[in-house]
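> got a sequence here, can you build the structure:
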Amino acid sequence: MSHGKQITLLTHARGPNGWKVAIVLAELGLTYESVYLDFQKGEHKAPGFTKYNPNGRIPAIIDHRNNDFVLWESDAIIQYLVDKYDTAHRISATGDETYHQLQWLHFQASGQGPYFGQAVWFAYLHAEKIPSAIERYSNETKRVLSVLESVLSKQEWLVGGKLTVADLSFLPWNKSVSKVLFESYDWAQDYPATAAWHNRLSNLPSVKKVYAEQAALSFE
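The predicted model follows:
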């Protein structure tokens, strides 16, 4: 593992949680090297990775500028990055709005990520088709989108009237689920403000750059 870049990002080519960290790194202009773990070979459960994250889940970072500081859990990483490297608060909140930002990061981690992930799992990856599980997590996906819609129909961004990491944290899972679950469903019709917000985020130069990196990877 080279230390030519400031941050080493231990991640996976498909995992949305790793890509949301990459987006924040790019938005902050921090240099990073992505190390993509091979899940088929169990690299995320091997000692080479669990020495950084005992939970065996991506992502984790190593901040070489900060004495090789190691951190795992994607939203904890995002909070660390803005606390440490966004002192001008370009994409982070200030004052009491900091807690609203944290509120949304927690909702993303506890609500969007797990439910969207289970929706994809039971719809496409689980060996046995279980209609009740597919229905449950599809409905939970729509519930989370409804929560976002209830707020974004009244304001452009989630926190403080500006783009923050609260917004960016939702982007990769929305992208992933909109591609696989809503192929025959126009989610923009039921959640127009959320879809417009998603499109604004998707058109950010940093996001386009990171998604170009993802598109260049082989998923074979």
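> can you show me the strands along this structure?
Assigned strands in the chain, in chain order: 7-11, 32-36, 60-63, 69-72 (criterion: DSSP state E).
> let's have those strands in JSON lines, adding distance to Phe107, mean neighbour count and mean pLDDT.
For every residue, glycine as well, the C-beta is placed using N, CA and C. Converted to JSON lines, those look like this (distance: least, C-beta to C-beta, whole Å; neighbours: other C-beta atoms under 10 Å; pLDDT from 0 to 100):
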{"stretch": "strand 7-11", "distance to Phe107": "22", "mean neighbour count": "23", "mean pLDDT": "98"}
{"stretch": "strand 32-36", "distance to Phe107": "26", "mean neighbour count": "19", "mean pLDDT": "96"}
{"stretch": "strand 60-63", "distance to Phe107": "22", "mean neighbour count": "23", "mean pLDDT": "98"}
{"stretch": "strand 69-72", "distance to Phe107": "20", "mean neighbour count": "16", "mean pLDDT": "98"}
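> just send those strands back as TSV, with distance to Trp19 too.
Formatted as TSV, the strands of the chain follow (distance: least, C-beta to C-beta, whole Å):
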stretch	distance to Trp19
strand 7-11	8
strand 32-36	10
strand 60-63	13
strand 69-72	16
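> count of residues packed around the closest residue to Leu152 other than its chain neighbours?
Nearest residue to Leu152, sequence neighbours excluded (C-beta to C-beta, 6 or more residues apart in numbering): Ala193, at 4.1 Å. Ala193 has 17 neighbouring residues, counting by other C-beta atoms under 10 Å.
> and the closest residue to Leu158 other than its chain neighbours, how many neighbours?
Spatial nearest neighbour of Leu158, chain neighbours left out: Ala166 (4.5 Å); criterion: C-beta to C-beta, 6+ apart. By other C-beta under 10 Å, 25 other residues sit near Ala166.
> relative to Lys175, how far out is the residue nearest to Leu171 when sequence neighbours are not counted?
Spatial nearest neighbour of Leu171, excluding adjacent residues (C-beta to C-beta, 6+ apart): Leu201 at 4.8 Å. Distance, Leu201 to Lys175, by C-beta to C-beta, to the nearest Å: 9 Å.
> do the same with Val151
19 Å.
> so for these two, which residue has more residues nearby?
The neighbour count for Val151 versus Lys175, taken as other C-beta under 10 Å, is higher for Lys175 (19 against 15).
> wait, doesn't that one sit right on Pro16?
Yes: at 7.4 Å, Lys175 counts as touching Pro16 under the criterion of C-beta atoms under 8 Å.
> quick one: buried residues of the lowest-mean-pLDDT helix or strand in the chain?
The least trusted helix or strand in the chain, going by mean pLDDT, DSSP states H and E, turns out to be helix 171-180, with a mean of 83. Residues of helix 171-180 classed as buried: 171-178 (neighbour count, 16 or more other C-beta atoms under 10 Å).
> which elements pack onto it?
Where contact means 3 or more C-beta pairs under 8 Å, 6 or more residues apart in numbering; DSSP states H and E, helix 171-180 is packed against helix 16-28, helix 113-120, helix 192-202.
> just how off-centre is the longest helix belonging to the chain within its chain?
Looking across the chain with DSSP state H, the single longest helix is helix 131-152. On the basis of C-alpha atoms, centre = their mean, to the nearest Å, helix 131-152 sits 17 Å off its chain's mean C-alpha point.
> between helix 192-202 and that helix, find me the angle.
On the basis of axes from the mean of the first three to the mean of the last three C-alpha atoms, to 10 degrees, helix 131-152 is oriented at 80 degrees to helix 192-202.
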